[in-house]
Each structure stands twice: as structure tokens, then as C-alpha cells.
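In: below are the sequence and a predicted model for it; my questions follow.
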Amino acid sequence: METDPIKPTLLIVDDVPANLHTLMETLGDNYRFIPAKDGEQALKKLQGDILPDLILLDIMMPGMDGYEVCERVKANEKTKNIPVIFVTAISEIEDAAKGFQAGAVDFIQKPLNPPMVKARVDLHIKLHHTMADLKKALSKVKTLSGFLPICSHCKKIRDDKGYWNQIEAYIHNHSDAEFSHGICPECAQKYYPDFDFSD
């Protein structure tokens with residue numbers, strides 16, 4: 001029997017309990033939720049071991065507003081890659097620009113339009129996971145760089161541990177390259193003078 005995949009987790013920050021409930025009800029059973037009633041509580045919850053996949057953040061809150069919360073999230077090495085969507089009734093262009101400068105990836109306006117909320121959250125969750133997968137893939141890519149100590153006689157390469165390896169073995173272990181062996185014209189003439197390799 002197959003187990004259900006782990007649901008993405010959303011941190012929802014709003015000082016109005018009814019707004020928290022509406023967002024959780026709107027997004028339904030596709031997500032797990034971490035509710036927070038203000039910015040300070042949200043930042044404390046981000047100190048735990050379980051980090052959300054996305055943050056839905058109200059702007060106008062008592063004490064610390066959403067802009068400051070977002071800036072702190074983005075300034076923290078542990079949380080800087082978590083996408084933040086502002087959920088707000090504010091619609092002025094200047095406020096949108098300020099939000100993007102703070103590090104938000106999108107805005108959702110109140111009153112909420114459920115299909116729009118779902119579409120935007122789903123989109124940014126997918127983008128977040130795609131970027132995370134891409135970073136993992138890039139970190140696994142093997143590259144050759146710097147100086148390679150190579151014997152001028154046998155052409156073996158010395159590795160980081162001081163062992164000498166055949167060039168094919170070294171490159172195979174340090175890159176994703178594969179070999180297709182052939183014979184260069186000079187070697188063909190030297191070692192196989194009776195064969196015609198011109199075709």
C-alpha cells in the first residue's frame with residue numbers, strides 16, 4: 001500500500017483569527033498549516049527544526065509589520081529561500097514595490113478569491129521545490145578545475161590523496177564525461193602503418 005506524500009507546509013501569519021481560518025479553509029486538505037498571530041510568533045516558529053515551504057504573511061499587524069518580518073526572514077541564512085506571499089487589503093503600487101523590496105514573491109489581495117489563492121500558492125510551492133531540486137542537482141555535478149598534476153612520461157594524474165591514476169579513471173571519477181576510444185593520426189601511423197584509418 002502506497003503512503004501519501006508529505007504535504008507542503010504553510011506558515012500563515014495574521015493577527016485576525018478569522019483570516020487564519022479562512023486561508024486554511026480555502027487551501028483545504030492539500031497543505032499542513034502552522035498558524036501565527038503576529039510577526040514575533042512567526043519568527044519564533046521559524047527557529048524550529050521544521051521549516052515551512054511557503055509563508056503567507058499579513059502586512060498590517062500590531063507591533064512588527066509584515067515588511068519587517070519578511071526582511072528578517074530573508075536576512076536569516078536558514079530561512080532566506082522560503083518564498084513569502086503577502087496577504088493584504090493594501091493595493092497601492094508603492095506598497096507592492098516595498099513588499100517586493102523586502103523579499104516577497106507575490107501578493108494576494110483581500111477579500112480573498114479562493115481559486116486565485118489556490119493557484120498562486122500552488123504555483124509558488126512548485127517553483128520553490130523546482131529551485132530546491134535544481135540546487136541539489138547542481139551541487140552534485142562533478143567538475144574539473146584548477147591544476148592537475150600529470151606525469152610527463154606515463155600521463156597518469158595524481159589525485160587529492162597522492163595516488164596516481166590512469167587519466168580515464170581520474171576523469172571518470174571527477175566528471176560526468178564518458179569515453180569513446182579512438183586512434184589519433186600520429187599513433188595510427190606509428191603503431192599501425194599497414195592499416196588505413198582514413199574512413
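Out: Structure received.
In: break the protein down into its domains, please.
Out: For the chain, the structural domains run 9-140, 142-199, going by automatic domain parsing.
In: just the residues contacting stretch 108-123, thanks.
Out: 10, 19, 22-23, 26-27, 30-31, 54, 56, 85-89, 91, 106 (CB atoms under 8 Å, 6 or more residues apart in numbering). (Each C-beta comes from the backbone N, C-alpha and C, glycine too.)
In: pull out the buried residues from those residues.
Out: Using 16 or more other CB atoms under 10 Å as the burial test, those include 10, 19, 22-23, 27, 31, 54, 56, 85-88, 106 as buried.
In: let me know the closest of those residues to residue 62.
Out: residue 19 (13.8 Å; CB to CB).
In: tell me the pLDDT of the closest one.
Out: In this prediction, residue 19 carries a pLDDT score of 91.
In: same question, the one 4 residues further on
Out: On pLDDT, residue 23 comes in at 94.
In: nearest residue to it in space, please, no chain neighbours.
Out: residue 12 (5.3 Å; CB to CB, 6 or more residues apart in numbering).
In: and the one you found, what are its bridge partners?
Out: residue 35, residue 56 (DSSP bridges).
In: tally of neighbours for it?
Out: Residue 12 has 24 neighbours, counted by other CB atoms under 10 Å.
In: contact partners for it?
Out: Taking CB under 8 Å, 6+ apart as the test, what residue 12 contacts is 20, 23-24, 33-36, 55-56.
In: ok, now how distant is residue 172 from residue 115?
Out: Distance, residue 172 to residue 115, using CB to CB, to the nearest Å: 51 Å.
In: can you pull up the bridge partners for residue 158?
Out: residue 164.
In: for residue 70, see how far away it is.
Out: 50 Å.
In: give me the more crowded residue out of these two.
Out: Taking other CB under 10 Å, residue 158 and residue 70 do not tie; residue 70 has more neighbours (25 against 14).
In: apart from its neighbours in sequence, what residue is nearest that one?
Out: residue 102 (4.2 Å).
In: what sits against the one you found?
Out: 66-67, 70-71, 74, 84 are the contacts of residue 102 under CB under 8 Å, 6+ apart.
In: of those residues, which belong to strands?
Out: residue 84 (DSSP state E).
In: with respect to residue 95, which of the contacts of residue 102 is nearest?
Out: When the contacts of residue 102 are compared against residue 95 (criterion: CB to CB), the nearest one is residue 67, at 9.0 Å.
In: more neighbours: residue 172 and residue 115, which one.
Out: Neighbour tally, residue 172 and residue 115, criterion other CB under 10 Å: the higher count belongs to residue 172, 15 against 9.
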